[in-house]
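Student: below are the sequence and a predicted model; questions follow.
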Amino acid sequence: MSENHSVVAADGTRLAVSVRGRGPALLLLAGQSNDHTWWDGVREDLGVGRTTVAVDYRGTGGSDSPEMSYSTTMFADDAVAVLDDLGIADAAVYGTSMGGRVAQWVAANHPQRVTHLILGCTTPGDAHGVPRSAEVRRALAHDRSQEVLTDLMYTPRWRAAHPGPYRTLGDPTMTNHARHRHLQASNNHDAWDALGDITAPTLVLHGSDDRMAPVGNAALLADRIADATVRVFTGARHAYFEECHHEAGPAVTEFLGR
């Protein structure tokens, strides 16, 4: 089954949702300034025997782009509104990058809705986490080119074998307002005090050579969440979930099967 849905959030914002497969639900939350196509390279791996639900954040894809401030808690509320509209009582939640920040709030604020939590290449927020280096911050601030982003996402070896196009470099249809608000939402994220409220079994995944979200954040998250384990993929960068999908996909499905 493959369907596209339109869900209305609490404030009237229309959210586009892609639903595939049948079985227990797996909610997929993409990185900053990306829509559901972020998952296209690995969704088939994750969707065996499951219903995968991938949301276009407000400001991306087919969703509305309201002229307002965004936050990771707002995105989490939108995700729960999607589950409500689809009649999904509970789901496994897999968030990567900013999607991992959003997933933290879904699990902390709605523990009864989350059966399993997977946090990939993400952080608890810079206030208590390990921030990216000044060099990377300068590169992102002054050169948001596809080349810079691609280098942060994938190793040269992967890029040589997979010349693209890449689905993880941002939604080109976004307005400047939405792109800026996504950046603010991600930068302002701080779930440190809420991580202890997460009760779902949690798997934390990270690439060892991630310069976008340094790997030290994986241990910080696991230390704050009661039932959490960590797996690090040696040599991988930010998009470990795609470059290492032959390992990461089975790790996720094995975890969800517990």
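Tutor: Noted; the coordinates are in hand.

Student: contacts only, for residue 40.
Tutor: residue 167 (Cβ atoms under 8 Å, 6 or more residues apart in numbering). C-beta: built from backbone N, CA, C; applies to glycine.

Student: actually residue 230, not the one I typed
Tutor: 204-206, 218-219, 222.

Student: select from the residues you listed every entry located in strands.
Tutor: Within those, residues falling in strands by DSSP state E are 204-206.

Student: quick one: low-confidence ranges for this protein?
Tutor: 1, 141-144 (pLDDT under 70).

Student: which one in it is furthest away from the centre?
Tutor: Of all residues in the chain, residue 160 has its C-alpha farthest from the mean position, at 25.2 Å, by Cα atoms, centre = their mean.

Student: contacts for stretch 72-81?
Tutor: Identification of contacts with stretch 72-81 by Cβ under 8 Å, 6+ apart yields 7-10, 13, 15, 27, 29, 55, 57-58, 93, 98, 101-106, 109-110, 113, 185-186, 188-189, 191.

Student: any quick ChimeraX command for the buried ones out of the residues you listed?
Tutor: Listed next is the ChimeraX selection for buried residues among these, using 16 or more other Cβ atoms under 10 Å:
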select :7,9,13,15,27,29,55,57,58,93,98,101,102,103,104,105,106,109,110,113,185,186,188,189,191
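
Student: which ones among the contacts of stretch 72-81 map onto strands?
Tutor: Of the positions in these, 7-8, 15, 27, 29, 55, 93 sit in strands, assigned by DSSP E.

Student: my read: residue 210 touches residue 234, true?
Tutor: No. Between residue 210 and residue 234 there is no contact under Cβ atoms under 8 Å: 11.6 Å.

Student: neighbour count winner among the two?
Tutor: Using other Cβ atoms under 10 Å, the more surrounded residue of residue 210 and residue 234 is residue 210, with 26 against 10.

Student: hang on, isn't residue 122 packed against residue 213?
Tutor: Yes. The criterion here is Cβ under 8 Å, and residue 122 meets it with residue 213 at 5.9 Å.

Student: which neighbours do these two share?
Tutor: Joint contacts of residue 122 and residue 213 (Cβ under 8 Å, 6+ apart) are residue 97.

Student: look up how far residue 232 lies from residue 156.
Tutor: 20 Å (Cβ to Cβ, to the nearest Å).
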